[in-house]
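# Sequence and predicted structure are below.
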Amino acid sequence: MAKTALVVGASGIVGGATVSLLQEEGWTVHGLARRPRDDAGVRPIAVDLQDAAATATALHDLHPDAVFITTWLRQDSEAENIRVNSAMVRNLLDGLPRPRGPRHVALVTGLKHYLGPFEAYGQGTLPQTPFREEQGRLDVENFYYAQEDALFAAAERDGFTWSVHRPHTVIGLAVGNAMNMGTTLAVYATLCRAAGRPFTFPGSAAQWAGLTDMTDAGQLARHLLWAAETTGAHDEAFNVVNGDIFRWQWMWSRIADWFGVEAAPFDGTVRPLDQQMAGDAALWREIAMREGLAEPDLHRLASPWHTDADLGRPIEVVTDMSKSRRLGFTGYQPTDDAFFALFQRLRADRLIP
């Protein structure tokens, strides 16, 4: 019989990639979101995880073999991030019926586990890079830690296995996502080409010249499924990245060439996209109308604040995946190919010209 999965955040970048992979592998997939997409073959569950009673009602007769938690809600402070996002995990796991057989729950967090929350991002005493899972938690409040604690408590109560997955910046396709560097850079390059502006790196000298890595959504989905199906990966936390490393001074030119724009020489000045794109909503709407694009609202596609946070970091960020490799995960994805595949999908879906 086909295994059954519940993908939480099925309309997001990671959730959408996970749904696609599970369907390819023959799973029956339930997709939970506040506003589920109409995806063929996915059984939608529309619910707000902040509402415990509604969540329990929506999930009362669902018995998934695996649950993939790929969503979060950004709040105005870390205290609110902790309150809201830990409650969402608790409400989800409290609302599911107690497992009748083996169940695995995978939680996607990220490298803010090592870098700190947005309010203290990249500040204070940080672990040495490359980041390794055994480096543990920082001495600071972090909603990722609160989500983990909710997961661990439910696992101990209900007897399911778990895994935690910590990607670097994720490259993938979703509209309306709050953390979407790939689409943000595609939109920015399109605006630069239309306005005749140089393609200007927005970040820090440390990011421009230092080594870094990223995580393709498909690579992350494969890692999630691998952990769910691999006994040795149960009850473990993992880093997950593409497997290559690069410098932005190389990648920036690669992206510029793909879009046929000029990459401006980097002079060491931080020029945030939040400022560069501040007045571009009207220009994007004009481009969308002229080219017949599917989404004329710039803010539904681009998340400059998130891209600025990543590219403005004052430290080099490289991630170690030895733990997964030792346990048998061999997935690899060149990051420039991940960007180019996303750009092709954005073009095919008429999201960029």
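Ah, there it is.
# mind listing what's buried in the helix or strand hosting Thr184?
Per DSSP states H and E: Thr184 is located in helix 181-195. For helix 181-195, burial by neighbour count (16 or more other C-beta atoms under 10 Å) applies to 181-194. C-beta coordinates here come from the backbone N, C-alpha and C atoms, glycine included.
# do stretch 333-350 as well
333, 335-336, 338-339, 341-343, 345-346.
# repeat for stretch 265-279
Buried, per 16+ other C-beta under 10 Å, within stretch 265-279: 266, 270-274, 276-277.
# Check stretch 9-29 too.
Going by neighbour count (16+ other C-beta under 10 Å), the buried part of stretch 9-29 is 9-23, 27-29.
# returning to what we had before: now the buried residues of stretch 333-350 as JSON lines including pLDDT?
Output for the buried residues of stretch 333-350, formatted as JSON lines (pLDDT from 0 to 100):
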{"residue": "Gln333", "pLDDT": "98"}
{"residue": "Thr335", "pLDDT": "98"}
{"residue": "Asp336", "pLDDT": "98"}
{"residue": "Ala338", "pLDDT": "98"}
{"residue": "Phe339", "pLDDT": "98"}
{"residue": "Ala341", "pLDDT": "98"}
{"residue": "Leu342", "pLDDT": "97"}
{"residue": "Phe343", "pLDDT": "98"}
{"residue": "Arg345", "pLDDT": "97"}
{"residue": "Leu346", "pLDDT": "97"}
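# In the residues you listed, find the pair that's most separated.
Distance extremes for these: the farthest pair is Gln333 and Leu346 at 17.7 Å, using C-beta to C-beta.
# what's the neighbour count on Asp244?
14 (other C-beta atoms under 10 Å).
# Which of the buried residues of stretch 9-29 fall in helices?
13-23 (DSSP state H).
# What is the nearest of the residues you listed to Arg103?
Distance to Arg103, by C-beta to C-beta, is smallest for Leu22 among these, at 15.1 Å.
# what residues are up against that closest one?
Residues near Leu22 by C-beta atoms under 8 Å, 6 or more residues apart in numbering: 5, 7, 29, 225.
# just checking, which of those belong to strands?
Among the contacts of Leu22, the ones falling in strands (DSSP state E) are 5, 7, 29.
# I'd like the buried residues of stretch 265-279 laid out as a markdown table, including pLDDT and secondary structure.
Below are these laid out as a markdown table (pLDDT from 0 to 100; DSSP: H, G, I helix; E, B strand; the rest coil):
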| residue | pLDDT | secondary structure |
| --- | --- | --- |
| Phe266 | 96 | coil |
| Val270 | 96 | coil |
| Arg271 | 97 | coil |
| Pro272 | 97 | coil |
| Leu273 | 97 | helix |
| Asp274 | 96 | helix |
| Gln276 | 96 | helix |
| Met277 | 97 | coil |
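# Any chance of these in a markdown table with distance to Leu126 as columns?
Shown next, in a markdown table, are these (distance: C-beta to C-beta, whole Å):
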| residue | distance to Leu126 |
| --- | --- |
| Phe266 | 24 |
| Val270 | 20 |
| Arg271 | 25 |
| Pro272 | 22 |
| Leu273 | 24 |
| Asp274 | 24 |
| Gln276 | 28 |
| Met277 | 29 |
